[in-house]
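J.: would you be able to build a 3D model of this:
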Amino acid sequence: MRFRVTRALLVALTLAAASPAFARDDLDTLLSQVAAGPGAVREHAIDRLAYLGPHQAGPGLIVLLQSPSESARVGASEALVVVRVPMAAVALRAALADEDWEVRRNAAQALGALASPGAGRRLAKALLHDAEVQVRLACAAALARTGGGGWALARAAARDPSLEVRLTALDALAHRPAPSQAPHLWPLLADRTGLVRFAAARALAWSGDRRGRAFLARALFGRDSDDRARAVTVLADSPTRWARDQLAHALATKDIALAAASALATRGDRRGIVALVRMSEGGPEASAALAKLDELNVPLAERADLSRVKP
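T.: The predicted model follows:
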């Protein structure tokens with residue numbers, strides 16, 4: 001049930017939030033611009049409210065989020081993505097059922113920005129049942145930050161009609177591993193879409209699942225050059241020691257050696273830096289290796305020392 005917002009209530013809340021340095025009338029003006037202003041005006045008002053912070057801007061935005069006005073709810077939910085107001089979490093969870101899809105999307109994004117731990121169940125429900133793809137995307141991304149909802153993410157990864165939602169759900173599972181959901185992801189290793197296969201392997205491998213790791217190892221050292229390149233990309237941002245060791249083994253594979261070395265060096269792994277120094281001394285990949293060393297600000301003296309390291 002939505003609460004009706006009276007002018008008296010809005011004024012009371014904004015008056016309580018305002019500081020002596022920022023008059024109530026000014027805060028009222030910003031809230032009015034959020035509620036009904038054109039795009040550029042609304043964006044400026046949101047920036048000003050973000051400057052004021054959640055203590056001053058929060059109460060008025062919570063009131064607007066429960067307004068009968070669709071424009072006010074859209075504006076308030078958009079502002080709450082930027083102005084992180086912890087006390088707005090309850091109202092934002094309720095807004096996941098709003099009749100306007102923009103409000104629902106913004107509410108999911110705001111809950112993700114807050115990393116609100118109590119939002120998982122509502123976000124999971126919206127991920128599985130909301131008709132609007134943008135809302136489902138926001139819910140999947142939010143669950144990566146709030147935690148929970150692993151079962152819903154696994155189901156969305158397998159069944160959602162949108163490829164983007166499936167990939168976002170798998171990315172969320174990589175960042176918030178849910179080992180109990182691994183059996184639901186195993187079939188995705190044989191999905192007809194390559195992006196899904198590798199995203200599923202990534203999510204599984206990050207949680208230490210043997211099937212996911214075996215899939216990536218086969219791809220990394222298999223015959224398909226595209227699969228080898230995809231495997232390097234997946235391993236490049238994996239936080240595990242296993243991934244770094246796989247990339248180190250890939251340094252011996254000519255067509256992915258530069259990518260593997262760059263991935264290792266970016267993570268500060270000495271094996272990657274040594275390989276880049278060696279590549280920079282000659283051959284078809286010398287200029288790219290040199291550019292990567294420059295990008296990483298590896299000192300010339302260190303490069304000279306590393307060039308004497310035996311392969």
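
J.: quick one, helices of the stretch 1-150 of the chain?
T.: 7-17, 24-36, 39-52, 54-65, 70-82, 89-95, 101-114, 120-129, 133-146, 150-159 (DSSP state H, counting those that start in this stretch).

J.: so what does the fourth one touch, helix or strand wise?
T.: Counting contacts by 3 or more C-beta pairs under 8 Å, 6 or more residues apart in numbering; DSSP states H and E, helix 54-65 is packed against helix 7-17, helix 24-36, helix 39-52, helix 70-82, helix 89-95. C-beta: built from backbone N, CA, C; applies to glycine.

J.: buried sites along the fourth one?
T.: Residues of helix 70-82 classed as buried: Ala72, Arg73, Val74, Gly75, Ala76, Ser77, Glu78, Ala79, Leu80, Val81 (neighbour count, 16 or more other C-beta atoms under 10 Å).

J.: repeat for the third one
T.: By neighbour count, with 16+ other C-beta under 10 Å as the criterion, the buried positions of helix 39-52 are Arg42, Glu43, Ala45, Ile46, Arg48, Leu49, Leu52.

J.: same check on stretch 108-117?
T.: For stretch 108-117, a neighbour-count test (16+ other C-beta under 10 Å) marks Ala108, Gln109, Ala110, Leu111, Gly112, Ala113, Leu114, Ser116 as buried.

J.: what do you get for stretch 214-221?
T.: Judged by neighbour count (16+ other C-beta under 10 Å), stretch 214-221 contains these buried residues: Phe215, Leu216, Ala217, Ala219, Leu220, Phe221.

J.: residues contacting the fourth one?
T.: In this structure, Ala219 makes contact with Phe198, Ala201, Asp227, Arg228, Arg230, Ala231, judged by C-beta atoms under 8 Å, 6 or more residues apart in numbering.

J.: and with 6 Å instead?
T.: Ala219 makes contact with Asp227, Ala231 under the criterion C-beta atoms under 6 Å, 6 or more residues apart in numbering.

J.: tell me the pLDDT at it?
T.: For Ala219, the model assigns a pLDDT of 97.

J.: thinking again about what came up before, of all the helices and strands packed on helix 54-65, which lies closest to Val63?
T.: helix 7-17 (5.4 Å; C-beta to C-beta).

J.: Ala289 is nearest to which of the helices of the stretch 1-150 of the chain?
T.: helix 133-146 (33.7 Å).

J.: distance between that closest one and the chain's centre?
T.: 9 Å (C-alpha atoms, centre = their mean, to the nearest Å).

J.: buried set for it?
T.: Under the neighbour-count criterion of 16+ other C-beta under 10 Å, helix 133-146 has 134-146 buried.

J.: helices or strands next to that helix in the packing?
T.: Other helices and strands packing on helix 133-146, by 3 or more C-beta pairs under 6 Å, 6 or more residues apart in numbering; DSSP states H and E, are helix 101-114, helix 120-129, helix 163-175.

J.: and the angle from the longest one to helix 133-146?
T.: Computed by axes from the mean of the first three to the mean of the last three C-alpha atoms, to 10 degrees, the angle separating helix 101-114 from helix 133-146 equals 10 degrees.

J.: what is helix 101-114 packed up against?
T.: Using 3+ C-beta pairs under 6 Å, 6+ apart, helix 101-114 is in contact with helix 70-82, helix 89-95, helix 133-146.

J.: would you mark the buried spots in the second one?
T.: Same thing as helix 89-95. Within helix 89-95, the residues that count as buried by 16+ other C-beta under 10 Å are Ala89, Ala91, Leu92, Arg93, Ala95.

J.: still on that earlier bit, mean pLDDT and distance to Gln181 for the helices and strands packed on helix 101-114 - can I get that in CSV?
T.: Below are the helices and strands packed on helix 101-114 laid out as CSV (pLDDT from 0 to 100; distance: least, C-beta to C-beta, whole Å):
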stretch, mean pLDDT, distance to Gln181
helix 70-82, 97, 28
helix 89-95, 97, 23
helix 133-146, 97, 12
